[in-house]
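A.B. asks: Sequence and predicted structure, then a few things I'm wondering about:
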Amino acid sequence: MAQHLGLRIRWIQAALWAGIATASFADIPRDPTQPPAGIDAAGARTGPAAETQIQSITISGRQRYAMINGIIMKPGDVINEGRIVKITENTVIVKSASGLTALKLFPNVDKHVHSHAKSTRPASVHRNQR
């Protein structure tokens, strides 16, 4: 009986390992707050120069920080031969010799403010009157 149980356990272990070995991890999305590929945990570049990328922006009272290419930066810090002059909720403004550049947290997303249309109901119409 114990030998039979041991065979079952080995069979279950083999089936689990086979399932793990064939699992595809390509569908798991990358964590956007992690440093981009080519930068190690210390912020040093490990591969070809990567494009400047904002992973997150933190605003707390008057303190504003942005994680850019895995490094936490604030207004006044130097990046790519420019200086950070402003951090907003979704943009980092960098001033360099070539002018101002806006780095977006979500470069492919545009924020649109929609105004609420005024009511077309005449002023003489009132609800909940008895």
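C.D. replies: Happy to help now that I have it.

A.B. asks: Show me the beta-bridge partners of Met67.
C.D. replies: Note on Met67: beta-bridge partners by DSSP bridges are Ser56, Ile72.

A.B. asks: residues touching it, list them.
C.D. replies: Listed by C-beta atoms under 8 Å, 6 or more residues apart in numbering, the contact set of Met67 reads Thr33, Ile54, Gln55, Ser56, Ile57, Thr58, Met73. Every C-beta, even on glycine, is put in place using the N, C-alpha and C of the backbone.

A.B. asks: same deal with Ser96?
C.D. replies: Here Ser96 is in contact with Asn80, Glu81, Gly82, Arg83 (criterion: C-beta under 8 Å, 6+ apart).

A.B. asks: let's go with 6 Å and repeat that
C.D. replies: Glu81, Gly82 (C-beta atoms under 6 Å, 6 or more residues apart in numbering).

A.B. asks: Any idea what it is bridged to?
C.D. replies: Going by DSSP bridges, Ser96 forms beta bridges with Gly99.

A.B. asks: For this structure, which segments count as helices?
C.D. replies: Remark: helices assigned in the chain by DSSP state H are 2-22.

A.B. asks: Show me where it has its strands.
C.D. replies: Taking DSSP state E, the strands of the chain run over residues 54-60, 63-68, 71-73, 78-79, 82-87, 91-96, 99-104.

A.B. asks: Could you export those as a markdown table, including distance to Val113 and mean pLDDT?
C.D. replies: Formatted as a markdown table, the strands of the chain follow (distance: least, C-beta to C-beta, whole Å; pLDDT from 0 to 100):
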| stretch | distance to Val113 | mean pLDDT |
| --- | --- | --- |
| strand 54-60 | 19 | 92 |
| strand 63-68 | 22 | 93 |
| strand 71-73 | 28 | 93 |
| strand 78-79 | 29 | 91 |
| strand 82-87 | 20 | 94 |
| strand 91-96 | 15 | 93 |
| strand 99-104 | 17 | 91 |
